[in-house]
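Q: build me a model from this:
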Amino acid sequence: MTLVLLILGLLGATFAASVLVALPDAVQLLYTQQNLGTYVPAASVEPVLTIGMVLQGLTWLATAGVSVWLLVRGRRAFYVPVIGAAVSLVALFVVMSIALSSDPTLLDFYSRP
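A: Residues are numbered from 1 along each chain as shown. From the prediction side, this is the model:
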């Protein structure tokens, strides 16, 4: 069960990293749909997204390392990938929130009644 969860976690981490890569294009699409003009990401967006991608990879590596270590010692480890998935999801939402909150046009658009 632990190995299946680790494989699913690897797929999830890869998907999360690809979501972060596509975030500027998705925001541009939102700008186009709502007639907000052209999206120009703030200078902090690219480093934040890069940190988020690295964080996804490190979270999965740490999860895999601890899981394998526990399995080698003969202990149950199914809960480690579950905890890793929760940490990865929280990190993904935090990074996306930081990246999106740096755009004053989006903040103004969504703060209108």
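Q: just give the nearest non-adjacent residue to the residue nearest the centre of the chain, would you?
A: In the chain, the centroid-proximal residue (CA atoms, centre = their mean) is residue 92; its distance is 2.7 Å. What sits nearest to residue 92 in space, not counting adjacent residues and going by CB to CB, 6 or more residues apart in numbering, is residue 16, at 4.9 Å. Just so you know, the C-beta spots here come from the backbone N, C-alpha and C atoms, and that holds for glycine as well.
Q: name the helices or strands packed onto the longest helix along the chain?
A: As assigned by DSSP state H, the longest helix anywhere in the chain is helix 2-33. Here helix 2-33 touches helix 45-72, helix 79-101, helix 104-111, going by 3 or more CB pairs under 8 Å, 6 or more residues apart in numbering; DSSP states H and E.
Q: and for residue 1, the neighbour number?
A: When neighbours are counted by other CB atoms under 10 Å, residue 1 registers 9.
Q: do you know how far the closest residue in space to it that isn't next to it in sequence is from residue 16?
A: Leaving out its chain neighbours, the residue that sits closest to residue 1 by CB to CB, 6+ apart is residue 78, at 4.8 Å. Residue 78 sits 21 Å away from residue 16, going by CB to CB, to the nearest Å.
Q: equivalent analysis for residue 86, please.
A: Residue 86 is 13 Å from residue 16, where distance means CB to CB.
Q: those two: who's more crowded?
A: The neighbour count for residue 86 versus residue 16, taken as other CB under 10 Å, is higher for residue 16 (23 against 11).
Q: so the more buried one sits against residue 57, correct?
A: No: between residue 16 and residue 57 there is no contact, the gap being 9.6 Å when judged by CB atoms under 8 Å.
Q: pLDDT at residue 107, what is it?
A: Here the pLDDT value assigned to residue 107 is 89.
Q: same deal with residue 21?
A: As predicted, residue 21 sits at a pLDDT of 95.
Q: quick one: contacts for it?
A: With contact set as CB atoms under 8 Å, 6 or more residues apart in numbering, residue 21 has these partners: 49, 53.
Q: pull out the buried positions in the longest helix of the chain.
A: For helix 2-33, a neighbour-count test (16 or more other CB atoms under 10 Å) marks 2, 5-6, 9-10, 12-13, 16-17, 19-20, 23-24, 27, 31 as buried.
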